[in-house]
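1. coords please:
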Amino acid sequence: MRFRGEIKRGFGRASFFLSLEYYKKAIREKVGFEPYPGTINVKVSPGVKEKVLKSSKLIKGTGKLGPIRIALGHSMGRRCAVIIPERSEHGEEIIEVIFPEEVKGIGSEIEVEVIPWEEIGSGT
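-> This next block holds a predicted model:
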């Protein structure tokens, strides 16, 4: 599944959550990389979020940390993952993309290909 969306400014809170050892470890176990502490917020067309959710796996929450759904992907020739936190202040049309490194100079849009788990044979 491939989607394109408009990059939107976030609230600046993702860096805190992605720096927490719990999420770093859980994301690394699911997609094989530790996330750079920050997300790219992407406004997607209606129906895209639901399709990504169908291709995602669950990272359970713990204590006050909520669960997130995660799907492996590629964008701009790089590995990435799409995350959809269960608790989010973003609207229904926003999904978040993470990379193992900082990404600069993207522009105003991004295209992401979500890779079905069956094709990678990993991530529980």
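
2. Going by C-alpha atoms from here, please, whenever you check contacts or count neighbours.
-> OK.

3. Which residues belonging to the helix-or-strand element of the chain with minimal mean pLDDT are considered buried?
-> Lowest mean confidence among the helices and strands of the chain (mean pLDDT, DSSP states H and E): helix 117-120, at a mean of 72. For helix 117-120, burial by neighbour count (16 or more other C-alpha atoms under 10 Å) applies to Trp117.

4. So Arg4 belongs to a strand, correct?
-> Yes - counting by DSSP: H, G, I helix; E, B strand; the rest coil, Arg4 is located in a strand.

5. sorry, back to before: please state the offset of the least confident helix or strand of the chain from the chain centre?
-> 17 Å (C-alpha atoms, centre = their mean, to the nearest Å).

6. With stretch 6-23 instead?
-> 10 Å.

7. Over to stretch 48-58?
-> That offset, for stretch 48-58, works out to 10 Å (C-alpha atoms, centre = their mean).

8. I'd like the average pLDDT over it.
-> The predicted model assigns stretch 48-58 a mean pLDDT of 93.

9. Where does the prediction get shaky in this protein?
-> 11, 89-90, 120-124 (pLDDT under 70).

10. mind listing the helices for it?
-> Using DSSP state H, the helices of the chain run over residues 14-19, 21-31, 48-54, 117-120.

11. between those, which one is nearest to Gly63?
-> Closest to Gly63 of those is helix 21-31 (C-alpha to C-alpha; 10.8 Å).
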